[in-house]
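J.: need a structure here:
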Amino acid sequence: MTKEELERIISKGEGLTVEFKLCRTGLTNSVFETVSSFSNRYGGHIVLGIDDNRKIIGVNKNSVTDIKNNFIHTLNNPQRFSPTQFSSLEEIEINGKLLLWVYIPVNSQVVMFAGKIYDRAEGGDIDVSKNSDSISQLHLRKSHEYSERKLFPYAKEEDFEFKRLMPKVRLLVQSRMPDHPWKAMSDMDILKSAGLYQKDRETGKFGFNLAAVLLFGKEEVIRSCTANYLTDAICRKENLDRYDDRLIVNTNLIDAYEQLIDFIAKHTLDRFYLMDGQSVSIRSKIAREIVSNSLVHREYSSAFPAKIIIEKDKIITENWNLPKYYGAINPKNFTPYPKNPILANFFVNIGRADSLGSGVRNLYNFTKIYSGKEPTLVEDDIFKTFIPIVFSDKSEINDVLIDNPQMSDILNDKMSDKSKMSDILSDKMSNKPQMSDKMSDKSEINDVLIDNPQMSDILNDKMSDKSKMSDILSDKKCAEMILAYVEKNDEINVAIAAKITDRPETTVRRILKKLVYEKNLNIVGGKKNRKYTNDKKYTEKILAYVDKNGEINTAIAIKIIGRSQATTRRILKNLVCENILNAVGGNKNRKYMRKK
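T.: A predicted model of the protein is given here:
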């Protein structure tokens, strides 16, 4: 949510899908009554810090942390909400006043708060707990709209993989929220809390619903309960008529998520980006949004198989959909609508999806970082996404052209014909005579640079003539000197790297960037105090200890690698971000285990 969007919502005032609450220092039950009513009707926006006259009062900044924690814990408390919910408040400042905002999605089940059922009308939240007709209408509307609620009363516990998958679920929720209520619940209590085991209001029977079958069911049970459930993952880069690699996934959604994430990782390049001082895998962020969207937001009553297709320049996804509107999605003004609220809520709880609407914005943000382009999402009977991706170093070449405007002049003036290019390359790439036949235009030069990293290395420095290009120290030699220094001294910065290599700082920065991209170095600190380290030998020691002993904590890791607490925690956090380790427990008792 942006400041401008929230101002637009506030300007329209309260209504069927908008509710203002003052809540300066704490939450009242009326907030949770609105959560119930929004969940049972059309969904909506709750804004804390505004009075009934649309006057922005603001929330007490000293109370914000307690309010946000109370909100999350109450929604996850099965003694207060049935089924439990998962949404979080977001901080937005307007005119110097702090507001808290949350979007509550529609739920596929009737949501109760404190044992009461609330519905939404223009006048506000209405308690319909004693109105049997209103309750029947709620159940009828939801049962017709959401196939995930279809009950299978004859499905028994032996039809599911609870024993294998429930421990994994507990680890996932604890890594996201150490004191998550599911930690202390039995398997059946978790299923009831998540809305996976429910009562059929028409027949009075209790049973597992389709969402439970999809999340925990054995493969043969899933096949018997769904029309044609599978996800067809295809890599098609070279063999355009068929495919280079293929994976057909028809297992439960918990395992399916991991298999599809691994397939995308296998066939795409990873790119790391500095976020909050930490190196983050942008590919992993994009893959998470692609896979969770494909698994959670499809219509499972259709026999249409979902697809994830990886091509040279993009990833395409397709899945059957019950559209609320048609056309391309604009992240700035679209209204999120859950296709399978039970599945979506479960994936949010285990940390494999974000709250409704965040996924689209994340996908736009991360794709722009990864490829410099925006994705396209099209809402129709078949929901489609087109994610532009980069499989080469073109982006690095573009960075060089931007940083060195004279480089474009070199490419235009010195490489306008084959003979000039051949002269430049003669002493450096004598074994590449075929390159002299490729230089008809600038786009072809870019292709050559990608295919021949030696040439890219030569051109990446600020070179105004041929002699300078042939006399410079090779980037490979500089990289070797930098890595040798880090091996001896544990870290290096741009100034030191420039001094030991006798290269300009702009050149050194590019070489360091490449070493980070190739995972030979790690970035520590912000731009002003940035340093580069090599964590590889430390991660190897940590992982060797984990493989031998099953787990490790920060104190033991410090002792093993001999680094500071801050450095050790950073290395452990990176291993978690790279999906190598799982973090279990709170800050004081946190342990790290191999991700299975």
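
J.: count the neighbours of Asn319 for me.
T.: 24 (other CB atoms under 10 Å). Every residue, glycine included, has its C-beta placed from N, CA and C.

J.: do the same with Ile135
T.: For Ile135, using other CB under 10 Å, the count is 17.

J.: now do His139
T.: When neighbours are counted by other CB under 10 Å, His139 registers 16.

J.: what's the answer for Glu289, then?
T.: Residues near Glu289, counting by other CB under 10 Å: 24.

J.: which helix or strand contains it?
T.: helix 282-296 (DSSP states H and E).

J.: using CSV, write out the CA atom coordinates for the helix or strand just after that helix.
T.: Next along the chain after helix 282-296, taking DSSP H and E as the criterion, comes strand 306-310. Only the C-alpha atoms of strand 306-310 are listed here, as CSV (Å, rounded to 0.1, in the frame of the first residue of the first chain):
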residue,chain,number,x,y,z
ALA,A,306,-1.3,-25.7,-14.9
LYS,A,307,2.0,-24.9,-16.7
ILE,A,308,5.3,-23.3,-15.9
ILE,A,309,7.3,-22.8,-19.1
ILE,A,310,10.9,-21.6,-19.0
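
J.: partners of strand 306-310, with directions?
T.: Sheet pairing for strand 306-310, assigned by DSSP bridges, gives strand 231-235 (parallel), strand 314-320 (antiparallel).

J.: Ser11: neighbouring residues, count only.
T.: Neighbour tally, Ser11, other CB under 10 Å: 8.

J.: the nearest residue to it once chain neighbours are set aside: how many residues sit nearby?
T.: With CB to CB, 6 or more residues apart in numbering as the criterion, Ser11 has its nearest non-adjacent residue at 7.9 Å, and that residue is Arg54. By other CB under 10 Å, 13 other residues sit near Arg54.

J.: with distance to Gln79 added, can I get the strands paired with strand 306-310 in a markdown table?
T.: Below are the strands paired with strand 306-310 laid out as a markdown table (distance: least, CB to CB, whole Å):
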| stretch | distance to Gln79 |
| --- | --- |
| strand 231-235 | 37 |
| strand 314-320 | 36 |
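
J.: looking at those, which is buried most?
T.: strand 231-235 (a mean of 21; mean count of other CB atoms under 10 Å).

J.: what would the strands paired with strand 306-310 look like in a markdown table with distance to Lys488 and mean pLDDT?
T.: Listed next are the strands paired with strand 306-310 as a markdown table, based on distance: least, CB to CB, whole Å; pLDDT from 0 to 100:
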| stretch | distance to Lys488 | mean pLDDT |
| --- | --- | --- |
| strand 231-235 | 42 | 93 |
| strand 314-320 | 42 | 91 |
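
J.: ok, which stretches of the stretch 251-400 of the chain are helices?
T.: For the stretch 251-400 of the chain, the helices defined by DSSP state H, counting those that start in this stretch occupy 253-267, 282-296, 341-349, 358-371, 394-403.

J.: which residues sit against the fourth one?
T.: If I follow you right, that is helix 358-371. 271, 273, 282-283, 285-286, 289-290, 292-293, 329, 331, 334, 336, 353-354, 373-375, 377, 385, 387-390, 395 (CB atoms under 8 Å, 6 or more residues apart in numbering).

J.: low-confidence ranges in the chain?
T.: Residue ranges of the chain with pLDDT under 70: 123, 140-145, 201-203, 227, 276, 324-326, 333-338, 355-357, 391-474, 526-528.

J.: tell me the centre residue of it?
T.: Central residue of the chain (CA atoms, centre = their mean): Lys285, 3.6 Å from the mean position.

J.: ok, that one to Asp52 distance?
T.: 40 Å (CB to CB, to the nearest Å).

J.: kindly report the same for Ile309.
T.: 51 Å.

J.: pretty sure Phe216 is touching Phe160, no?
T.: Yes. Counting by CB atoms under 8 Å, Phe216 does reach Phe160; the two are 4.4 Å apart.

J.: now the contacts of helix 358-371: which count as buried?
T.: 271, 282-283, 285-286, 289-290, 292-293, 329, 336, 353-354, 375, 377, 385, 387-390 (16 or more other CB atoms under 10 Å).

J.: pull the number of nearby residues for Ile9.
T.: Residues near Ile9, counting by other CB under 10 Å: 18.

J.: what's the nearest residue to Ala497 if we skip its chain neighbours?
T.: Val508 (4.5 Å).

J.: thinking again about what came up before, could you identify which of the helices of the stretch 251-400 of the chain is most buried?
T.: By mean count of other CB under 10 Å, the helices of the stretch 251-400 of the chain have helix 341-349 as the most buried, with a mean of 26.

J.: OK, contacts around the residue nearest to Ser11?
T.: So Arg54 contacts 10-11, 13, 20 (CB under 8 Å, 6+ apart).

J.: check the secondary structure at Glu238 for me.
T.: Here Glu238 is coil, with the state taken from DSSP: H, G, I helix; E, B strand; the rest coil.

J.: hmm, Asp244 and it touching each other?
T.: Yes. Counting by CB under 8 Å, Glu238 does reach Asp244; the two are 5.4 Å apart.

J.: of the two, which one has the most company?
T.: Neighbours per residue (other CB under 10 Å) separate Glu238 from Asp244, with Asp244 holding more: 13 against 8.

J.: against Arg236, how distant is that one?
T.: 6 Å.

J.: with Arg170 instead?
T.: 38 Å.

J.: ditto for Thr506
T.: 39 Å.

J.: could you chop the chain up by domain?
T.: According to automatic domain parsing, the chain comprises the domains 1-145, 147-388, 394-471, 475-533, 536-594.

J.: okay, now Lys332: neighbour count?
T.: Residues near Lys332, counting by other CB under 10 Å: 10.

J.: what residues does it make contact with?
T.: Contacts of Lys332 by CB under 8 Å, 6+ apart are 2, 5.

J.: what helix or strand does the residue nearest to Ala497 sit in?
T.: helix 505-517.

J.: mind giving me the PyMOL command for buried ones among the contacts of Arg54?
T.: Selection of buried members from those for PyMOL, criterion 16+ other CB under 10 Å:
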select buried, resi 10+20
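
J.: so which residues of the stretch 1-150 of the chain form strands?
T.: Along the stretch 1-150 of the chain, the segments classed as strands by DSSP state E, counting those that start in this stretch run 18-21, 44-48, 81-82, 90-94, 97-104, 112-113, 116-121, 124-127.

J.: each with direction, which strands does the fourth one pair with?
T.: Meaning strand 90-94. Short version: by DSSP bridges, strand 90-94 pairs with strand 97-104 (antiparallel).

J.: ok, and what's touching the partner strand?
T.: 1, 6, 23, 34-35, 38-39, 43-50, 56-59, 61, 64, 67-68, 71, 85, 87-93, 336, 355-357.

J.: hmm, which of these are the buried ones?
T.: 1, 6, 23, 34-35, 38-39, 43-50, 56, 58-59, 64, 67-68, 71, 85, 87, 89, 92, 336, 355-357.

J.: enumerate every residue touching Leu274.
T.: 280, 523.

J.: try 7 Å
T.: By CB atoms under 7 Å, 6 or more residues apart in numbering, Leu274 lies in contact with Ile523.

J.: kindly report the same for Arg176.
T.: Counting by CB under 7 Å, 6+ apart, Arg176 has contacts Gly351.

J.: and it, its phi and psi?
T.: Here is the backbone geometry of Arg176 (degrees, to the nearest 10): phi -90, psi -40.

J.: and it, how close does it get to Gly550?
T.: Taking CB to CB, one finds Arg176 at 21 Å from Gly550.

J.: nothing else from me, thank you.
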